[in-house]
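Engineer: whatever this is, show me its structure:
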Amino acid sequence: MVELKKILILFEDGKIRKESIAYGIELGRRMDCSLCVLMLMEGTEKGNSSIWESVLNGAIKTIDDEGIGAECGIRYGDKTSEFLKFLAVGPYPSAIVWGSNAGVITERGRKPGHWFTRVAENVGCPVVSPTIKKK
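Structural biologist: This next block holds a predicted model:
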């Protein structure tokens, strides 16, 4: 059985960084991978699902316009739990692009109490957080 390679672009709380989308697109091209875009939201936001679906669809349109295959999903609830459940039903990503607050996983801005910082060290694939280069 051939397993398809995927790159996961991970967002939370409706925050989507454009540089993460651009990085994911280029990484997908270089690795000949499709993209999977996942938005994690607090359970209290489920009542606003149409808003978050619209935000996520904008990101998917950008990816589709570049000719890269993409799928997307939104999960509501405890972010750590929802992320791990998402990984468990696989296919496991070849890489994860962190697409929300840039300071969460960078060395200078690492937030030790943030849920993603706690799980990122144990996911078993590269995790990147693209930044815009200052000129």
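
Engineer: just checking, which helix or strand of the protein averages the lowest pLDDT?
Structural biologist: None of the helices or strands of the chain scores lower by mean pLDDT, DSSP states H and E than helix 115-120, at a mean of 82.

Engineer: how far away from the center of its chain is that one?
Structural biologist: Mean-position distance between helix 115-120 and its chain equals 13 Å (C-alpha atoms, centre = their mean, to the nearest Å).

Engineer: ok, now stretch 94-101?
Structural biologist: 5 Å.

Engineer: chain center to stretch 16-23, what's the gap?
Structural biologist: 10 Å.

Engineer: what mean pLDDT does that stretch have?
Structural biologist: Computed over stretch 16-23, the mean pLDDT rounds to 91.

Engineer: for it, buried residues please.
Structural biologist: Neighbour counts using 16 or more other C-beta atoms under 10 Å place 16-17, 20-23 of stretch 16-23 among the buried residues. Just so you know, the C-beta spots here come from the backbone N, C-alpha and C atoms, and that holds for glycine as well.

Engineer: need these in CSV (columns: distance to Leu87 and secondary structure).
Structural biologist: Output for the buried residues of stretch 16-23, formatted as CSV (distance: C-beta to C-beta, whole Å; DSSP: H, G, I helix; E, B strand; the rest coil):
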residue, distance to Leu87, secondary structure
Ile16, 20, coil
Arg17, 21, coil
Ser20, 18, helix
Ile21, 21, helix
Ala22, 24, helix
Tyr23, 20, helix
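
Engineer: closest one of those to Ala88?
Structural biologist: Checking the buried residues of stretch 16-23 against Ala88 by C-beta to C-beta gives Ser20 as the nearest, at 23.4 Å.

Engineer: in contact with that closest one, which residues?
Structural biologist: 9, 11, 97-99, 129-130 (C-beta atoms under 8 Å, 6 or more residues apart in numbering).

Engineer: could you single out the nearest of those residues to His114?
Structural biologist: Using C-beta to C-beta, Trp98 is the member of the contacts of Ser20 that lies nearest His114, at 10.5 Å.
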